[in-house]
Structures are given as C-alpha cells and as structure tokens.
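Participant: quick one: sequence and predicted model below, then my questions.
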Amino acid sequence: MVYHIWYNKPMNKVDYKQEIGKLIAETRIGQGLTQAELAKALGTSQSAINRIEKGGQNISLDMVAKVSEVLNRHILSINRRKTLNFKINGGRKLHGSIKVNTSKNAAVALLCASILNKGKTTLKYLAKIEEVYRIIEVLNSLGVKTTWVNNGHDLEIVPPKKLTIDKLNKTAAQQTRSVIMLMGPLLHFFSEFKLPYAGGCHLGQRTITPHLNALEYFGLSVSADITGFYDCVVSSTTGDKIFTLGERGDTVTENAILAAALDANKTTIRNASPNYMVQDLCFFLQDLGVKIDGVGTTTLVIRGKTNIDQSIEYYPAEDPIEAMSFVAAAVVTDSEITVKRVPMEFLEVELETLRQMQLQFEVSSEYQANNGRTRLADITVKSSNLVAPADKIHPLPAPGLNIDNLPFFAIIAACATGRTLIHDWVFENRAVYLTELNKLGANTELLDAHRIYIEGPTHWHAAEMITPPALRPAVVIMLGMLAAKGESILRNVYSINRGYEDFAKRLNSLGADIETLTII
C-alpha cells in the first residue's frame, strides 16, 4: 500500500499522536470495550493499545482504519478530497485459486432484517465493503450496537429497546440505495417516520413505486418532501394479504418479506424474485421462526411472528456476481484459475452462455454452503479461443442471466472473435459506461442507451481513466486494465469498494500487479 499524503496544515507529531490516541480511547469507552477487548479484535496486544491511547506509539493510517472498523466510528478524517486510485501493471497471466466471498446484496438485506430481532444477531463472515459500512452507520445512528468479532470476520448486532429514528444518519443513508429496505421493518416500530432519498450507483432513474405499492398492503403510505426525505405514515391493517408485485425486483421482494415477517397474518406475495439475496433473507428469517413457503419460486407464503427475540448466528451465502467477476478476470487475461465456492444455482445460465462462446472450463462436484441450503462448486477456467454468440446477450429476472453479471459479458465479448450485441434493457444508461472500454482499445458501437455492439478480439492498451460511478462497469474497466500491457491508472475507485472487499489485493494473490494509491 502506497500513500501520497498532503495535509491542509502542518501537524506536530506529538500532538497528532496524542489527539488520535485520545479519540480512540474515548470511542472505545463509549462502545463499552476494554483495552484487552479492542486489542483482541485488532490482533495486537493490550500494551500496544495502551501506548497508542497515551500517544506514545506511532500509528499508521492502516491501523487507524482498522480501529475505525472495529469501533464503527471514523477516528480520523484529514479532508474531504481523499480518493483511492489503482495503478495497474497489466498484461500478466493469472494463476492459482480464489475463494468467493459472501454476498454483498444479501449482507445489506440481512442487516436491515436484523432490527426485526430483539435478540443478538451474528452475521458470519459478513462482506466488509463500503455498502455494508454505510448501512451499519445508519443502524448505529438508530441506536443499534454493532461489534466486529472473530478477528473482524463476523458482525454482532444488538438492537436497542427503542430505535432512535430522529437521529438517523442522513449522510450515510444517501450513499446507498439499500436504505430503502428499512421501510419494511420500520413500519412495525413507528406510526410515522422519515427516510432520505436512496442513493447508490448512477444508473438513470430508478423508481421506488413498486416498493410503495407492495408496502401499502401493510398500511404504509409515503410522500416525498422538498427536503430530500420520504414522509412515511403507517395505518393499522387486519387480515391476510395477497398481492402481486408490479415488477419482479429483488429489493422490492425483500422489502415486502421484511414487512410480512412481523405480521401475524398470512401474506402471499406473487411475482416475487427468487434471486440469491432473497433466498438468503428467507433462510435467515426461517431460522428466526418465520414460516416461509415457496423459497426459490415466484410465489412466497409467509406467516410472520409478532415478536422475534432470540440469539442467532447466520452464514450468508457466497456472491455469484463476485464469482463471475473472477471468471471474467480469467477470460480477459487468457489465464487458468480456479474460482472456489461458486453458488451454482445463480450462475448456470451465465456458464451456459460462456460454453456457447467456446469457453473451456471444468466444474467440480457440488457441496453445501455454510447456510446449509445453497449449492456450491469450484470452477476452473481454461485458456480458450472465444467466439461471439449467435444471439444477443441480455439479462432476465432470476433464474435468468443476472442483470449484475451482464456488464462482464461486454469485456468477455471484447475478447471473442466476432460481433456481439449486449442488450441492457433494465438500466437507462449503464450501456453508455461500457463505451469507456474504447479507451483501452476495445471496439464498441453504442446503438442507444440500452444496446451496444462489441467487436472482438481486442488488442488492449494501457490508459489513465476515472472510474465510472456504477459498480459493475467500474469493475469491467479495471479488468480491461489487467489485460492491457503497461501501466494504467484508475482514479477514484470508491464505486468498486462499495461492492468488493479487497478486490485488488485478491487479484494480486492470483498474480496481478495492482498498487493502491491513496491521495489525501
């Protein structure tokens, strides 16, 4: 890790060590932790923590970041212009194997679901990414206590007796679209509340109308005010509920499930998404005693509980989108790597599409994920001579080709001989971001905001670029730089860190050469 640091004003070394130490001590005490407990979470000694808090030991920015993670507080903010950049020395073959991490999209849903439980929830091997951190910050502002345990792998969540909705962290909430999934749980705790407009990737207009239509059945009515908040008012309802979702969306299905989980009546949701993060949420709630029939289908029947109060440990399943990212990395660098712990149910259509493009790969025998339900396997990608598919590549609702995996087929198509049509019919302008591949040597032709032709194969070359403000296109650009010989610079990679944990470091473990540059 390389840091290029500029401070707004000079700082005396003794002063800054003492000030940072004081902040760490005050925050630790406020979280109810002893020096020994903090030391254990950080993998260091109590004496080291004692020296740090007294200002008697040098402390690196990496250590400050680790302390901030454990204490769920920003200890140090030097200025607002800090950005992370990647310097990528491309053209290298990858080799070895990599394990897929747990799902980012399941993580945020499970965090929102955790406030339904009055007992302690422990989410095992939770994805440590910016999107997750933002939801944790929102939960903390509501009075929820969160603690990283098991050497920082697991997150313990303990709700307060009463949520402090009036103290909700607007800044954190506005940085993630996932905050919209708090509507379903919060309607059980308040007769009225406010939520900030949802943020997230810049992918054109994304309506929340399907959420509002579904939550109306649980008594929620919502209006938008001019200050950037949704005004939510809850009325009482009685009797069983049967409704059809206007779109088979993942987050709208999750929001409806979260609302139904604390409803004592029977709820039937039709046209529900059977996608991976929805299944993980259902498995978690089932372990809490909520009865859910039809998991993995488009019709869910839910019999909720009016009170959930139990300690639970839950393992989220692995992320099929991250798995596809590593498959694409192997393809674009023409390498042989093994991607382990791949959730097969949610990547089978993608693999069949790759088979038709003549990608050579092997799939191991299947085994169960730690949640006891999800089917996993290991995929070994081989060096291949790809050809363009006979038909266009387009996404479909689960169990079709995942919308989040579609951008990876853009860079894969750029490696294939022939012309491929990518049809991104879901998002208004994501296809536009894929034209950025031209700066790396690709040959793309944008037909409209949804359709793009890609002609391959590509002779990649290095470039300096700004990261697109959308997660998957940003990763696609990064993968293109892996293939391009020479030094590329990818600036402001926050959008990648929103959805991937240590992605550069993990690619480096496969033989990539990526250096992180921190500009403060």
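Facilitator: It's in.

Participant: helix or strand: which one has Ala330?
Facilitator: Counting by DSSP states H and E, the element that carries Ala330 is helix 320-332.

Participant: on contacts alone, who are the packing partners of that helix?
Facilitator: Other helices and strands packing on helix 320-332, by 3 or more Cβ pairs under 8 Å, 6 or more residues apart in numbering; DSSP states H and E, are helix 104-114, strand 337-343, helix 348-356, strand 375-381, helix 406-413, helix 471-483. C-beta coordinates here come from the backbone N, C-alpha and C atoms, glycine included.

Participant: tabulate the ones you listed (JSON lines), appending distance to Arg506.
Facilitator: Output for the helices and strands packed on helix 320-332, formatted as JSON lines (distance: least, Cβ to Cβ, whole Å):
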{"stretch": "helix 104-114", "distance to Arg506": "14"}
{"stretch": "strand 337-343", "distance to Arg506": "11"}
{"stretch": "helix 348-356", "distance to Arg506": "20"}
{"stretch": "strand 375-381", "distance to Arg506": "16"}
{"stretch": "helix 406-413", "distance to Arg506": "16"}
{"stretch": "helix 471-483", "distance to Arg506": "12"}
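
Participant: which among these is found nearest to Tyr230?
Facilitator: helix 104-114 (15.4 Å; Cβ to Cβ).

Participant: and that closest one with helix 471-483, angle?
Facilitator: Orientation of helix 104-114 against helix 471-483 (axes from the mean of the first three to the mean of the last three Cα atoms, to 10 degrees) gives an angle of 150 degrees.

Participant: which helices and strands does helix 104-114 pack with?
Facilitator: Looks like helix 104-114 contacts strand 121-123, helix 130-141, helix 183-186, helix 250-261, helix 276-287, helix 320-332 (3+ Cβ pairs under 8 Å, 6+ apart).

Participant: and with 10 Å instead?
Facilitator: strand 121-123, helix 130-141, strand 154-158, helix 183-186, helix 250-261, helix 276-287, strand 312-314, helix 320-332 (3 or more Cβ pairs under 10 Å, 6 or more residues apart in numbering; DSSP states H and E).

Participant: off-centre distance for the longest one?
Facilitator: Taking Cα atoms, centre = their mean, to the nearest Å, one finds the center of helix 320-332 at 16 Å from the center of the full chain.

Participant: can I get that helix in CSV, CA atoms only?
Facilitator: Output of helix 320-332 as CSV, limited to C-alpha atoms (Å, rounded to 0.1, in the frame of the first residue of the first chain):
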residue,chain,number,x,y,z
PRO,A,320,-22.5,-15.1,-7.6
ILE,A,321,-21.6,-11.7,-9.0
GLU,A,322,-18.1,-11.8,-7.4
ALA,A,323,-17.7,-15.3,-8.8
MET,A,324,-18.5,-14.0,-12.3
SER,A,325,-16.0,-11.2,-11.8
PHE,A,326,-13.2,-13.7,-11.3
VAL,A,327,-14.3,-15.8,-14.2
ALA,A,328,-14.2,-12.7,-16.4
ALA,A,329,-10.7,-11.8,-15.0
ALA,A,330,-9.5,-15.2,-16.1
VAL,A,331,-11.1,-14.8,-19.6
VAL,A,332,-9.7,-11.3,-20.3
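
Participant: Val349: which of the helices and strands packed on helix 104-114 is closest?
Facilitator: Using Cβ to Cβ, the nearest of the helices and strands packed on helix 104-114 to Val349 is helix 320-332, at 10.5 Å.

Participant: for the closest one, buried residues please.
Facilitator: 320-332 (16 or more other Cβ atoms under 10 Å).

Participant: pLDDT below threshold where in the stretch 351-500 of the chain?
Facilitator: Within the stretch 351-500 of the chain, no stretch has pLDDT under 70.

Participant: quick one: the strands in it, in order.
Facilitator: 361-363, 367-368, 375-381, 418-423, 443-446, 451-456, 464-466, 486-491 (DSSP state E, counting those that start in this stretch).

Participant: ok, which of the ones you listed comes nearest Val295?
Facilitator: Closest among these, using Cβ to Cβ: strand 375-381, at 13.7 Å.

Participant: mind giving me the packing neighbours of the closest one?
Facilitator: Applying 3+ Cβ pairs under 10 Å, 6+ apart, one finds that strand 375-381 contacts strand 97-99, helix 320-332, strand 337-343, helix 348-356, strand 361-363, strand 367-368.
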